[in-house]
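Colleague: Need the 3D shape of this:
(chains A, B and C)
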Amino acid sequence: MFDFLQGYDLLGAFWVTVQLTVYSAIGSLIWGTLLAAMRVSPVPLMRGFGTVYVNIVRNIPLTVIIVFTSLGLFQTLGVSLGADRFTVINFRLAVLGLTAYTSAFVCEAVRSGINTVPLGQVEAARAIGLSFPQVLRIVVLPQAFRSVVGPLANVLIALTKNTTVAAAIGVAEAALLMREMIENEAQLILISAIFAFGFICLTLPTGLFLGWVAKKVAVKR
Amino acid sequence: MNPLKTGRAAVAVAAAVVLSFTSAGFANGATGAVPRDHGEDEITVGIKYDQPGIGLKTPDGTYTGFDVDVATYVAKELGHDPSDIVWKEAKSADRETLLQRGDVDFIAASYSINDERAKKVDFAGPYLLAHQDVLIRADDDSIKQPSDLNNKKLCSVTGSTSAQNVKDKIAPDAQLQEYGGYSECLTGLENGVIDAVTTDDSILAGYASQDEFKDKFKLGGFKMSNENYGIGVQKGSELKAKINTALEKMVADGSWDAAVEKNFGPAGYQNEPAPKIGVIVK
Amino acid sequence: MRKDRPTVLYDAPGPRARRRNVLWTLLFLVALAAVVWWVVVSLADQNQLEWSKWAPFFTDARIWETYILPALKNTVIAAALAMVIALPLGALLGISRLSEHRFVRGAAGTGVEFFRAIPVLILMLFANAAYSEFTDISPDIRPMYAVVTGLVLYNASVLAEVVRAGILALPAGQTDAAKAIGMRKGQTMTYVLLPQSVTAMLPALVSQLVVIVKDTALGGAMLGFSELLASVRPMSANYGANTIACFTVVAVIFVILNFALTTFASWLEGRLRRGKRSTGAVVGAGAVEELATPGEHVGPTDGAK
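Modeller: Sure, this is the predicted structure:
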């Protein structure tokens, strides 16, 4: 029944999906937090940049961003991210595109988390003479992150699903393999079921686990 | 105003928004769904829309290219004025289906005759013998023969067999990048991140003939395969014989040469002589 | 309100803080300028800034009539169709999830969780192949069918959660009052809960439309659907490989379209939250991001209370 799987690296494709997810998640967590810091910072120019960035990126289709990394960044601007082979270049470009896109959502999640920190905390921190970076780093962000585990989990799951868009520039992840298999094998239903199952295995446990973590670490007020 | 009314007003607003969206497009958005009734003089021809030199939809809404010229000539011989031709896009993957369903009367869309396709549709012609080739930068001297493609960066379109051919048989160490269309490959070729674009030489010549690419690109001239372009018709169609007659006449009266010169000339494309009808070069 | 919260994160700047802010501004400006400069110079190096590559968009109406507008129309049609079909389906699923019958609740819940757990591209690829294998749909509209089908399957399940959240966001007093005047369950739903929740959901619905519009681009890149993104290909084939210019224009159109929708959503949300006549229950525009993924989400309507 599963003879048609011969010759296809199913696990390899999903492994690429996982790698795309992990690298992009780390990248967007860092860049997204920086963006959030910019959006609440005392420097108007940074606030403006953060706002414009988030509003533009959230309103562009991810597909446009991903295809642009290949046609614009790589082909036209010559950014190859230190790699020489297409497979590596495309993978890194996809991570870059996914990071640029996902950070906007991370930024908004973190910012909403900052808003949950009670005023008194911030005032107390300022009263003892902490500067803005200190207020953020020592008082606000640690609390904010605990309250945004839930929203960030959603961003992570959305990211896992979004990695399929990398197929548009030929990254050999799950969706690209699925398309290839559909074209070559007459087992449409079974093939689709396998890939659906694969993604459920990736997204559902993440959601359940992080949901549990979110409850665990939530700041009780 | 009670909540019930606000609710209804909201529904109305939502409905209005949605309606204004759809009504704008419904009118002719899905014309393809309606089976066309064939007018007395109309003939529907499937061509490529995005291949300069072969079949290209121009900004005026007109069509140019070698396939278009051949199809127009054939249609004329079949008794249809150019104005009676209804053009339809025939993407590579859709060609057999379009013919089998009767959506088009015939297809001239860089359609190579092969055994697998011949099981599903009939071919008139061939009307052009093309070869798989590479397009390289005009100043690139490092690619002189097919084996030079090893370690080079190749580009082709998704689902095309040509690039895979090169990688499997000729240059196993070549790297392969696939995009949705050839125009994406050309940007990379121009900018030096891609070394060669591979597909049929006729298609490549069409791109190289475009004004903005003149003198920038050249054909490798490798002849890595034989592609016999035929005109696809429905299995068992009586059109096949008529189209063959028309093609023979086109070659005989010089229109064939004129069309080749017009569409591929500027690229310095060394075309094969007009193929004999029914003779497929393997 | 907490609108002005960020400003309490730091004191009103004194002379030193002001100097520091100016310094940061300058540093940031230099960094930003360096990036912009690099982009412009690289683009110019590759001849991508030549006026001839950009001019057609301003001087040649045909580029709009032949390529962009028909493509935009396809994008809008696909998005609108997906929304119109997904909404009633979603409402049905959402209400089923609130049913008192465990079986109905379970079935609807499974469907919703399933379609939220897998990528919409997988659904589109499946629909495209299924239509070509099992139906007689013409190849030239099949991509649109596939895109709309994929979008409907996914968005119906997201909208189900929006509807459910909208109903749950209403004060319990509404149901109690309906019961008190002797309404049956069905009546309570159709006359009391649904109409009010529709108002509450509006921002989320508009916001979801943005998601749908964005996802149509997948069909252009992967299925050969002639939508806005896909119009880059024939355009650049005709206007001298002005890929960057075409791309920029297409991206700007997407941003304008979606930004208009987003702005409309937050305007609606603000209006509904401030509104004195309604229950004040709102499923905010931001909730759809949360409801788009599988799993139970605690209090997507928190902001309302």
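Colleague: Where does residue B:128 sit: helix, strand or coil?
Modeller: Using DSSP: H, G, I helix; E, B strand; the rest coil, the structure places residue B:128 in strand.
Colleague: So it is in contact with residue B:229, correct?
Modeller: Yes - look at residue B:128 against residue B:229 with CB atoms under 8 Å: they come within range, at 4.2 Å. The way it works is simple: take the backbone N, C-alpha and C, and place the C-beta from them, glycine included.
Colleague: For these two, list the residues in contact with both.
Modeller: Common neighbours of residue B:128 and residue B:229, counting by CB atoms under 8 Å, 6 or more residues apart in numbering or on different chains, are residue B:202.
Colleague: While we're on the closest residue to residue B:148 other than its chain neighbours, how confident is the model there?
Modeller: In this structure, residue B:148 finds its nearest non-sequential neighbour in residue B:142, 6.3 Å apart by CB to CB, 6 or more residues apart in numbering or on different chains. Looking at residue B:142, its pLDDT stands at 86.
Colleague: And the average pLDDT for the helix or strand where residue B:228 lies is what?
Modeller: Assigned by DSSP states H and E, residue B:228 falls within strand B:226-233. On average, the pLDDT along strand B:226-233 is 90.
Colleague: What angle do strand B:226-233 and the very next helix or strand once past it make with each other?
Modeller: Downstream of strand B:226-233, the next assigned helix or strand under DSSP H and E is helix B:239-252. Orientation of helix B:239-252 against strand B:226-233 (axes from the mean of the first three to the mean of the last three CA atoms, to 10 degrees) gives an angle of 130 degrees.
Colleague: Quick one: mean pLDDT over helix B:239-252.
Modeller: Mean predicted lDDT for helix B:239-252 stands at 90.
Colleague: For the residue in the stretch 101-250 of chain C positioned nearest to chain B, which three-state class applies?
Modeller: Here the stretch 101-250 of chain C gets closest to chain B at one residue, residue C:195, 3.0 Å apart by CB to the nearest CB. Look at residue C:195: counting by three-state DSSP, its state is helix.
Colleague: do you know how far it is from residue A:218?
Modeller: Distance, residue C:195 to residue A:218, using CB to CB, to the nearest Å: 34 Å.
Colleague: The two: who's more crowded?
Modeller: residue C:195 (19 against 14; other CB atoms under 10 Å in any protein chain shown).
Colleague: what ranges of the chain fall below the confidence cut-off?
Modeller: By default, I'm working from chain A. Scanning chain A with the threshold set as pLDDT under 70 gives A:1, A:221.
Colleague: other chain: chain C
Modeller: Within chain C, the segments meeting pLDDT under 70 span C:1-8, C:276-280, C:295-305.
Colleague: Tell me, how many residues neighbour residue A:32?
Modeller: 25.
Colleague: Make sure it is indeed in a helix.
Modeller: Yes - with three-state DSSP as the criterion, residue A:32 is located in a helix.
Colleague: Skip the chain neighbours and tell me the closest residue to it.
Modeller: residue A:106 (2.6 Å).
Colleague: Give the full set of residues in contact with residue A:131.
Modeller: residue C:10.
Colleague: What of the one 3 residues further on?
Modeller: By CB under 8 Å, 6+ apart, the residues touching residue A:134 are residue A:125.
Colleague: Starting from the helix or strand hosting it, tell me the next helix or strand along the chain.
Modeller: Per DSSP H and E: residue A:134 is located in helix A:132-134. Counting by DSSP H and E, the next helix or strand C-terminal to helix A:132-134 is helix A:141-147.
Colleague: Spell out which residues of chain A are next to chain B.
Modeller: A:70-71, A:74-76, A:78, A:80, A:85-87, A:90, A:168-170, A:183 (CB under 8 Å from any CB of the partner chain).
Colleague: Tell me which two of those sit farthest apart.
Modeller: Greatest spatial distance among those (CB to CB): A:78 and A:183, at 32.9 Å.
Colleague: any idea how far chain A is from the residue in the stretch 151-282 of chain B that chain C sits nearest to?
Modeller: Minimum separation of the stretch 151-282 of chain B from chain C (CB to the nearest CB) falls at residue B:212, amounting to 3.5 Å. Remark: distance between residue B:212 and chain A (CB to the nearest CB, to the nearest Å) = 15 Å.
Colleague: can you give me phi and psi for residue 171?
Modeller: You didn't say which chain, so I picked chain A. The phi/psi pair for residue A:171 (degrees, to the nearest 10) reads phi -70, psi 130.
Colleague: wait, chain C
Modeller: According to degrees, to the nearest 10, residue C:171 has phi -60, psi 140.
Colleague: Next: residue B:179.
Modeller: Dihedral angles (degrees, to the nearest 10) for residue B:179: phi -120, psi 170.
Colleague: thinking again about what came up before, now the residue nearest to residue A:32: phi and psi?
Modeller: Dihedral angles (degrees, to the nearest 10) for residue A:106: phi -60, psi -40.
Colleague: hang on, it packs against residue A:29?
Modeller: Yes - if you go by CB under 8 Å, residue A:106 and residue A:29 touch, sitting 6.0 Å apart.
Colleague: and for these two, which residues touch both?
Modeller: With CB under 8 Å, 6+ apart, residue A:106 and residue A:29 have common neighbours residue A:152.
Colleague: The two: which is more packed in?
Modeller: A count of neighbours by other CB under 10 Å puts residue A:106 above the other of residue A:106 and residue A:29, at 27 against 19.
Colleague: distance of the more buried one from residue A:145?
Modeller: From residue A:106 to residue A:145 the distance is 11 Å (CB to CB).
Colleague: same check, this time on residue B:142
Modeller: 53 Å.
Colleague: Pick out whichever of the two has more residues nearby.
Modeller: residue A:145 (18 against 11).
Colleague: Not counting its neighbours along the chain, what's nearest that one?
Modeller: residue A:113 (6.6 Å).
Colleague: That neighbour: neighbour count?
Modeller: Neighbour tally, residue A:113, other CB under 10 Å: 23.
Colleague: in the helix or strand harbouring it, what's buried?
Modeller: Per DSSP H and E, residue A:113 falls inside helix A:86-114. The neighbour-count check on helix A:86-114 (16 or more other CB atoms under 10 Å in any protein chain shown) flags A:86, A:89-114 as buried.
Colleague: about what we covered before: mind giving me the PyMOL command for buried ones among the residues of chain A next to chain B?
Modeller: Buried subset of these, written as a PyMOL selection, criterion 16+ other CB under 10 Å:
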select buried, chain A and resi 70+71+74+75+76+80+86+90+168+169+170
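Colleague: which one of the residues of chain A next to chain B sits closest to chain C?
Modeller: residue A:168 (4.1 Å).
Colleague: For the chain, which segments count as strands?
Modeller: Defaulting to chain A. Applying DSSP state E to chain A gives no strands.
Colleague: so what's the residue in it positioned nearest to chain B up against?
Modeller: Nearest residue of chain A to chain B (CB to the nearest CB) works out as residue A:75 at 4.2 Å. Contacts here follow CB under 8 Å, 6+ apart; on that basis residue A:75 touches B:184, B:187, B:188, B:191, B:193, B:194, C:243.
Colleague: Give me the contacts around stretch B:200-219.
Modeller: By CB under 8 Å, 6+ apart, the residues outside stretch B:200-219 that reach it are B:51-54, B:56, B:65-66, B:110, B:112, B:128, B:130-138, B:162, B:182, B:186, B:189-190, B:197, B:221, B:223, B:227, B:229, B:263-269, B:271, C:240-241.
Colleague: Pull up the distance across stretch B:82-99, start to finish.
Modeller: One end of stretch B:82-99 sits 21 Å from the other (CA to CA, to the nearest Å).
Colleague: Residues contacting that stretch, please?
Modeller: When contacts are defined by CB under 8 Å, 6+ apart, stretch B:82-99 is touched by residues B:36, B:39, B:41-49, B:57, B:63, B:68, B:71-72, B:75-76, B:103-104, B:106-107, B:109, B:111, B:117, B:120-121, B:159-160, B:232-234, C:132, C:138-140, C:224.
Colleague: Filter those down to the ones in strands?
Modeller: Reading strands off those with DSSP E, I get B:43, B:44, B:45, B:46, B:47, B:57, B:63, B:106, B:107, B:232, B:233.
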